[in-house]
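Visitor: Sharing a model that was predicted from the sequence below.
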Amino acid sequence: MLYILIVIGIIICAVQAIRSFRLLVSALWLAGTSALVALLMFLLGAPEVAVIELSVGAGLVTVLFVFAINLTGHEKLGFSFVIPRPVSIGLIALAVLLLGYFILPNVQAAVPALSGLDFQTTLWQSRALDMFLQVVLIFAGVLGVLGFLGSKPQAKE
C-alpha cells in the first residue's frame with residue numbers, strides 16, 4: 001500500500017511539473033518527483049541509487065534550474081496545444097494502463113531486504129566519498145552561477 005501511495009505521489013508531482021505554466025513552479029514539482037523516486041528506490045532495496053538520485057536529482061539539478069530560471073526570467077510560457085486535449089488524455093491513460101498491465105505481474109516478486117541499513121547510515125557512511133564529491137559539485141555549481149550573476153558586462157570599445 002505504501003508503494004502505491006508513493007507512486008501516486010510521483011505521478012501527481014510529474015503531472016504538475018508538466019502542467020505548470022511557470023518555470024520555477026515546474027522546477028519545484030520536478031524536485032518533488034525526484035525526492036519521491038529516491039524514497040521509492042530506497043524502499044525497494046537500492047539505497048545507493050536512492051542517495052544519488054536525492055542529492056543530484058532533487059539537489060543539484062533543482063539548484064541549477066532555479067538559477068537558470070532566475071537568469072532568464074520567469075515569464076509564463078505561451079504556447080498552443082498541437083494535439084487536442086481529449087486525445088492527449090486518452091493516450092496518457094492508454095500508456096498508464098499498458099504500463100500497469102506489463103508491470104503488475106512482476107510486482108509480486110519479493111522486495112530485497114535492506115540488510116539493516118537505514119538511510120542515514122547509507123548516506124553518510126557507506127557512500128561518504130560520493131556524498132563529499134556531490135557536495136563539492138553542488139557548491140562549485142552554486143559558486144559558478146553566483147560568479148556569473150555577479151559579473152558585469154564588458155563595455156565595447
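Guide: The structure has been received and is ready for your questions.

Visitor: Give me the buried positions along stretch 56-68.
Guide: Judged by neighbour count (16 or more other CB atoms under 10 Å), stretch 56-68 contains these buried residues: V56, G57, A58, G59, L60, V61, T62, V63, L64, F65, V66, F67. (C-beta placed from N, C-alpha, C; glycine too.)

Visitor: Assess the claim that the third one and S34 are in contact.
Guide: Yes. With contact defined as CB atoms under 8 Å, A58 and S34 form a contacting pair (4.1 Å).

Visitor: just to revisit the earlier point, name the nearest of the buried residues of stretch 56-68 relative to A27.
Guide: For the buried residues of stretch 56-68, the closest approach to A27 (CB to CB) belongs to F65, at 4.0 Å.

Visitor: you'd agree L2 is up against L43?
Guide: Yes. The criterion here is CB under 8 Å, and L2 meets it with L43 at 7.1 Å.

Visitor: Compare these two (neighbour count), which wins?
Guide: L43 (15 against 9; other CB atoms under 10 Å).

Visitor: any idea how far the more buried one lies from P86?
Guide: Distance of L43 to P86, computed by CB to CB, to the nearest Å: 36 Å.

Visitor: Then G32?
Guide: G32 sits 28 Å away from P86, taking CB to CB as the criterion.

Visitor: Which one's more surrounded, those two?
Guide: Between G32 and P86, counted using other CB under 10 Å, G32 has the larger neighbour count: 18 against 8.

Visitor: Which residue is the nearest non-sequential neighbour of the more buried one?
Guide: Computed as CB to CB, 6 or more residues apart in numbering, the closest residue to G32 that is not its neighbour in sequence is C13, at 4.2 Å.

Visitor: residues contacting that neighbour?
Guide: By CB atoms under 8 Å, 6 or more residues apart in numbering, the contact list for C13 reads W29, L30, G32, T33, L36.

Visitor: Quickly find the element holding it.
Guide: Assigned by DSSP states H and E, C13 belongs to helix 2-19.
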